[in-house]
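Predicted coordinates and the sequence they were generated for:
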Amino acid sequence: AAGTLRGLAPAGTLIGTAVDPRGLNLDPAYPGVLAAEFNAVTAENAMKWRNLEPSPGVYAWAGGDQIVDLARRNGQAVYGHTLVWHNDVPDWVSPDWPAQRLREVLRRHVTAVVAHYRGRVWAWDVVNEVLAEDGSLRDTLWLRKLGPGYVADAFRWARQADPDARLFVNEYGTEGRTAKADALLDLVRRLRADGVPVDGVGFQGHLDAERPPEDVRGNLRRFAALGVRVAVTELDVRVRLPATAEGLRRQAAVYREVLRACLDVAACASVTVWGFTDARSWIPGYHQGYGAACLFDADFRPKPAHAALLDEL
Ligand code: XIL
């Protein structure tokens, strides 16, 4: 296959990647592949709350700004990730604070971050992973102290801080037609019926080559029918290590299938991979015994999955 992902991407479909500043600054081959292959980026960690506001009111914008500035030079759209995530609350935010104080600190956070990147980020993951496996709202600090209304509040605060950014709810385990996906559909429908400014639904797509989701296309379609955009926001396809030729072939088929699904759904705005090189992927650190989840190997050579995507575009 010849060409690059961004070169072959049809108008209206962004092909993105998560960006890791360590890769940018330490791996000589990283910036070139990033610029050549992708027309959209997401900060893998740099725009998360713990990194942005290490102590109260003290902001560390440098990492996120580096990614945004580079994206501008590369002609890449920036997808903001993420404003409200139970896994990413600074240590200085105390669960013992009264609800009113917690609500105010969350409001300030959402407002400050969205305002800082206003006009430079086309969409935000406003809430990330708010559902439990059974489809109820996940038991988090925010749910316990603020009640279920925190979700709607976060969207309204974000809208106010940047009326032009598209606002997404982002979730995992909802790529196919799972019970959790049914619950997500329900949540988005209810929020929109209440006038909450939810513009899009992100499907993370952290997949296992051996257990691909079923009917991604049909699932994306039923969300699109609600009137929202959809996006694949964090795609990677892990294989058992050591990776075999057969494993990488299955992986390529899963990558291809997900891209095809997005291309077939008009409301699908982007497919973003969660890192493009096995040299920097989060997978081996979080999924024991798995890895080799990306489009390029650890030496930045394209894998069969990359060829499969080019072929599908
Ligand atoms: C992960 C990053 O890839 C890691 O580097 C970090 O240590 C933890 O977070 N779902 C998400 C992402 O929404 O933010 C997570 O990213 C992966 C799972």
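Looks like it came in fine.

only C-alpha atoms for contact and neighbour calcs from this point on.
Noted.

what does the average pLDDT come to for stretch 211-227?
Taken as a whole, stretch 211-227 carries a mean pLDDT of 98.

ok, residues contacting that stretch?
Contacts of stretch 211-227 with the rest of the structure, by CA atoms under 8 Å, 6 or more residues apart in numbering, involve 175-177, 185, 189, 201, 207, 229-230, 254, 258, 260-262, 264-265, 267-268.

Low-confidence stretches in this protein?
When the per-residue scores of the chain are filtered using pLDDT under 70, the ranges that remain are 1.

which helices and strands sit right next to the helix or strand hosting I15?
I15 belongs to strand 14-19 when assigned by DSSP states H and E. Using 3 or more CA pairs under 8 Å, 6 or more residues apart in numbering; DSSP states H and E as the contact criterion, the elements in contact with strand 14-19 are helix 5-8, strand 40-43, strand 268-273.

Restrict the second one to CA atoms and write it as PDB.
So that's strand 40-43. Extracted in PDB, the C-alpha atoms of strand 40-43 (Å, rounded to 0.1, in the frame of the first residue of the first chain):
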ATOM      1  CA  ALA A  40      -5.800  15.200  14.200                       C
ATOM      2  CA  VAL A  41      -4.300  14.800  17.600                       C
ATOM      3  CA  THR A  42      -5.400  14.200  21.200                       C
ATOM      4  CA  ALA A  43      -3.100  14.800  24.200                       C
END
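
ok, now which ones touch R260?
Counting by CA under 8 Å, 6+ apart, R260 has contacts 217, 312.

try 10 Å
Applying CA atoms under 10 Å, 6 or more residues apart in numbering to R260 gives the contacts 216-217, 254, 309, 312-313.

For Y172, which non-adjacent residue is spatially closest?
Distances taken as CA to CA, 6 or more residues apart in numbering put Q204 closest to Y172, at 5.1 Å, once the chain neighbours are dropped.

The residue lying closest to Y255 once chain neighbours are set aside: how many residues sit nearby?
Leaving aside its sequence neighbours, Y255 sits nearest to A305 (CA to CA, 6+ apart; 6.3 Å). Neighbouring residues of A305 were enumerated by other CA atoms under 10 Å; the total is 23.

Can you check my assumption that A305 lies in a strand?
No. When DSSP: H, G, I helix; E, B strand; the rest coil is applied, A305 is found to be helix, with no strand at that position.

picking that back up, strands paired with the strand holding I15, and their directions?
Counting by DSSP bridges, the strands paired with strand 14-19 are strand 40-43 (parallel), strand 268-273 (parallel).

want to throw those strands into a markdown table with distance to A9?
Rendered in a markdown table, the data for the strands paired with strand 14-19 read as follows (distance: least, CA to CA, whole Å):
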| stretch | distance to A9 |
| --- | --- |
| strand 40-43 | 11 |
| strand 268-273 | 10 |
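
hey, which of the ones you listed is tucked in deepest?
strand 40-43 (a mean of 28; mean count of other CA atoms under 10 Å).

downstream neighbour of it in the secondary structure list?
Next helix or strand after strand 40-43 toward the C-terminus (DSSP H and E): helix 49-52.

buried set for that following helix?
Residues of helix 49-52 classed as buried: 49-52 (neighbour count, 16 or more other CA atoms under 10 Å).

Would you mark the buried spots in stretch 14-22?
Under 16+ other CA under 10 Å, the buried positions of stretch 14-22 are 14-21.

Actually, stretch 295-310.
295-297, 300, 302-310.

Please save the CA atoms from that stretch in PDB.
Extracted in PDB, the C-alpha atoms of stretch 295-310 (Å, rounded to 0.1, in the frame of the first residue of the first chain):
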ATOM      1  CA  LEU A 295      -0.100   0.700  13.800                       C
ATOM      2  CA  PHE A 296       3.700   1.100  13.900                       C
ATOM      3  CA  ASP A 297       6.100  -1.200  15.700                       C
ATOM      4  CA  ALA A 298       8.600   0.000  18.300                       C
ATOM      5  CA  ASP A 299      11.100   0.900  15.500                       C
ATOM      6  CA  PHE A 300       8.400   3.000  13.800                       C
ATOM      7  CA  ARG A 301       8.000   0.600  10.900                       C
ATOM      8  CA  PRO A 302       4.400   0.300   9.700                       C
ATOM      9  CA  LYS A 303       2.600  -3.000  10.600                       C
ATOM     10  CA  PRO A 304       0.000  -4.900   8.700                       C
ATOM     11  CA  ALA A 305      -2.700  -2.800  10.500                       C
ATOM     12  CA  HIS A 306      -1.300   0.300   8.900                       C
ATOM     13  CA  ALA A 307      -1.500  -1.200   5.400                       C
ATOM     14  CA  ALA A 308      -5.000  -2.400   6.100                       C
ATOM     15  CA  LEU A 309      -6.200   1.100   7.000                       C
ATOM     16  CA  LEU A 310      -4.500   2.600   3.900                       C
END
